[in-house]
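A.B. asks: This is a predicted model, with the sequence first.
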Amino acid sequence: MEKAKDKSKRTPIRVGISIGDINGIGPEVVIKALNDSQMLADCTPVIYASSKTINFHKKRVHAGEFNYVTVSSADEIKNRKINIVNVWDDEVPIELGKITESGGSHALKSLDCATKDLASGKVDVLVTAPISKEAMAKAGFKFPGHTEYLADMAGEEEALMLMVAGNLRVGLVTTHMALKDVPAAMTIEKIHGKIKAFEQSLRKDFGIRRPKIAVLGLNPHAGENGKMGDEEQEVIAPSISKAKNEGIMVFGPYPADSFFGSSNRFNFDGILAMFHDQGLSAFKAIAFDEGVNFTAGLPVVRTSPDHGTAFDIAGKDLASGASMRHAIYLAMDVYRNHQLEKEINADPLEITPPKEYERKERKGKPGPKGGDKSKVETAKKSAPPKSEEKKEQSHTETAPKGEEAPVEEKKSENPSGEAES
């Protein structure tokens with residue numbers, strides 16, 4: 001286990017947190033998740049809201065001491081402190097448990113500011129508290145959810161939504177879509193693309209070198225050879241075959257009703273479901289309190305708790321901060337995996353172009369005193385050839401005392417003055 005002393009030496013990860021709907025449990029779970037001094041050894045939380053809004057919810061939460069610093073922008077954040085960026089300063093009407101345009105507009109302000117700072121590198125990762133899609137729509141939000149919004153912000157056609165709890169990772173082919181529209185949205189290209197994105201995420205984000213993926217069917221009993229639908233035979237199976245031909249370890253389609261209840265799920269690093277409730281109903285039944293929503297396939301790291309705004313218990317101090325805490329830790333883990341991958345793939349040797357290398361070599365060799373270029377050239381011209389110098393040396397050394405060396409006799413016989421071979 002890593003010692004606290006070692007943790008304090010490394011740079012803390014700057015975790016941007018959008019506050020979500022201020023009428024829901026978002027602020028409450030953020031306060032409860034961060035009410036742990038050990039977390040600050042590893043990260044610097046940056047909450048995008050206002051100190052007035054946080055104080056309103058703080059009074060309704062029995063979370064002990066919750067100390068923070070208020071800053072006007074992420075440029076002023078203090079390391080290993082809870083920072084609140086004042087996205088708005090005005091008094092905001094908070095109506096706990098109600099879906100309002102004000103709740104949606106302030107959630108959108110928080111999200112916009114946080115994503116801009118993420119894109120500019122002022123924070124390292126993003127963790128989003130839950131929003132109300134109805135309230136956001138009233139405020140002019142044009143996306144079904146965070147996943148689609150962030151994919152658009154990153155310039156990606158679509159991202160992969162993953163639900164994560166320990167070694168249980170469930171991906172979705174379709175996300176926020178009516179069930180009647182799902183079969184038409186399932187194409188070989190779409191499912192194949194999700195399989196590839198899932199495999200890449202498992203390698204890059206989770207550090208699994210050779211991940212194994214299970215793919216679920218769409219129909220009961222995975223279609224039972226066409227008796228209950230032909231999507232498995234016509235669309236899903238060809239997608240799996242295409243991915244296998246590319247070297248991806250993917251298997252299926254498996255019947256969804258029995259898969260999660262069997263021990264077979266422990267044989268895989270990831271499970272790909274066809275639609276929202278097929279994957280999430282089983283996932284939340286297994287790991288509701290610790291589940292995390294992770295958006296894969298983006299150039300940035302984003303997580304969120306796996307629950308919603310829970311308007312029915314807002315302000316009652318009943319919400320758990322566990323899922324939000326897990327979301328923060330997962331974001332940090334993925335960020336470190338990205339850094340580690342960069343270090344592993346970085347070339348440790350500095351490549352010097354040949355001309356520059358020769359110039360450095362010549363520069364390092366000592367020359368005649370004074371450093372005059374003309375003197376250097378003169379010295380080179382006046383110096384005898386190395387081969388001739390060596391020959392004279394060897395003949396002189398082997399000649400007997402008192403006798404002339406043979407080389408001298410040959411020189412006297414040669415009128416041109418050149419040494420004979």
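C.D. replies: Yep, that arrived. Quantities reported herein were computed from a predicted structural model and do not represent experimental measurements. Numbers count the residues shown, from 1 in each chain.
A.B. asks: make it CA atoms for all contacts and neighbour counts henceforth
C.D. replies: Noted.
A.B. asks: nearest spatial neighbour of residue 79, skipping sequence neighbours?
C.D. replies: Counting by C-alpha to C-alpha, 6 or more residues apart in numbering, residue 79 lies nearest to residue 44, which is 5.5 Å off, once chain neighbours are set aside.
A.B. asks: Same check on residue 91?
C.D. replies: residue 52 (7.5 Å).
A.B. asks: For the one you found, give me phi and psi.
C.D. replies: Main-chain torsions, residue 52, degrees, to the nearest 10: phi -70, psi -40.
A.B. asks: what's the answer for residue 15, then?
C.D. replies: Dihedral angles of residue 15 (phi, psi; degrees, to the nearest 10) stand at phi -100, psi 110.
A.B. asks: could you give me the average pLDDT of stretch 308-325?
C.D. replies: Stretch 308-325 comes out with an average pLDDT of 95.
A.B. asks: Flag every buried residue along it.
C.D. replies: Going by neighbour count (16 or more other C-alpha atoms under 10 Å), the buried part of stretch 308-325 is 308-311, 314-315, 317, 319-325.
A.B. asks: give the contact list for the residue nearest to residue 79.
C.D. replies: Applying C-alpha atoms under 8 Å, 6 or more residues apart in numbering, we find residue 44 in contact with 12-15, 78-83.
A.B. asks: Residue 38: which of those is nearest?
C.D. replies: Residue 38 lies nearest to residue 80 out of the contacts of residue 44, by C-alpha to C-alpha, at 10.0 Å.
A.B. asks: ok, how many other residues are close to the residue nearest to residue 91?
C.D. replies: When neighbours are defined as other C-alpha atoms under 10 Å, residue 52 has 15 of them.
A.B. asks: One more: residue 29?
C.D. replies: Count around residue 29 with other C-alpha under 10 Å applied: 26.
A.B. asks: How about it: what's its closest non-neighbour residue?
C.D. replies: Residue 29 sits nearest to residue 321 (C-alpha to C-alpha, 6+ apart), 4.4 Å away.
A.B. asks: That neighbour and residue 25 touch, don't they?
C.D. replies: No. Using C-alpha atoms under 8 Å as the test, residue 321 is too far from residue 25 to be in contact (9.6 Å).
A.B. asks: you'd agree residue 31 is up against residue 68?
C.D. replies: No. Assessed by C-alpha under 8 Å, residue 31 is found out of contact with residue 68, at 10.4 Å.
A.B. asks: three-state assignment of the residue nearest to residue 79?
C.D. replies: Following DSSP: H, G, I helix; E, B strand; the rest coil, the label given to residue 44 is strand.
A.B. asks: what's the answer for residue 126, then?
C.D. replies: Going by three-state DSSP: residue 126 is strand.
A.B. asks: Could you report the pLDDT at it?
C.D. replies: We have a pLDDT of 97 for residue 126.
A.B. asks: can you pull up the bridge partners for it?
C.D. replies: With beta bridges defined as DSSP bridges, residue 126 has these partners: residue 16, residue 302.
A.B. asks: list the contacts for it?
C.D. replies: Residue 126 sits in contact with 15-18, 114-115, 118, 301-303, 331, where contact means C-alpha under 8 Å, 6+ apart.
A.B. asks: Filter these down to the buried ones.
C.D. replies: So, by 16+ other C-alpha under 10 Å, the buried ones in those are 15-18, 114-115, 118, 301-303, 331.
A.B. asks: tell me which of the residues you listed is nearest to residue 136?
C.D. replies: residue 18 (13.8 Å).
A.B. asks: Report the contact partners of the closest one.
C.D. replies: 47-49, 107, 110-111, 114, 126-129.
A.B. asks: Go again with 7 Å.
C.D. replies: The neighbourhood of residue 18, defined by C-alpha atoms under 7 Å, 6 or more residues apart in numbering, consists of 47-48, 110-111, 114, 127-129.
A.B. asks: follow-up on the earlier one: which one of residue 31 and residue 68 has more residues nearby?
C.D. replies: residue 31 (23 against 15).
A.B. asks: Could you measure from the more buried one over to residue 322?
C.D. replies: With distances taken as C-alpha to C-alpha, to the nearest Å, residue 31 is found 11 Å from residue 322.
A.B. asks: before we move on, back to that, can you flag which of the contacts of residue 44 belong to helices?
C.D. replies: Of the positions in the contacts of residue 44, not one sits in helices, assigned by DSSP state H.
A.B. asks: Reformat those as JSON lines; add pLDDT and distance to residue 283.
C.D. replies: Shown next, in JSON lines, are the contacts of residue 44 (pLDDT from 0 to 100; distance: C-alpha to C-alpha, whole Å):
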{"residue": "12", "pLDDT": "93", "distance to residue 283": "31"}
{"residue": "13", "pLDDT": "96", "distance to residue 283": "28"}
{"residue": "14", "pLDDT": "97", "distance to residue 283": "29"}
{"residue": "15", "pLDDT": "98", "distance to residue 283": "26"}
{"residue": "78", "pLDDT": "95", "distance to residue 283": "37"}
{"residue": "79", "pLDDT": "94", "distance to residue 283": "35"}
{"residue": "80", "pLDDT": "93", "distance to residue 283": "33"}
{"residue": "81", "pLDDT": "95", "distance to residue 283": "34"}
{"residue": "82", "pLDDT": "96", "distance to residue 283": "31"}
{"residue": "83", "pLDDT": "97", "distance to residue 283": "33"}
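A.B. asks: quick one on the thing from earlier: show me what the residue nearest to residue 79 is bridged to.
C.D. replies: residue 14.
A.B. asks: What count of nearby residues applies to the residue nearest to residue 203 when sequence neighbours are not counted?
C.D. replies: Spatial nearest neighbour of residue 203, chain neighbours left out: residue 209 (5.5 Å); criterion: C-alpha to C-alpha, 6+ apart. For residue 209, the count of nearby residues is 11 (other C-alpha under 10 Å).
A.B. asks: Quickly note the distance from residue 209 to residue 248.
C.D. replies: 11 Å.
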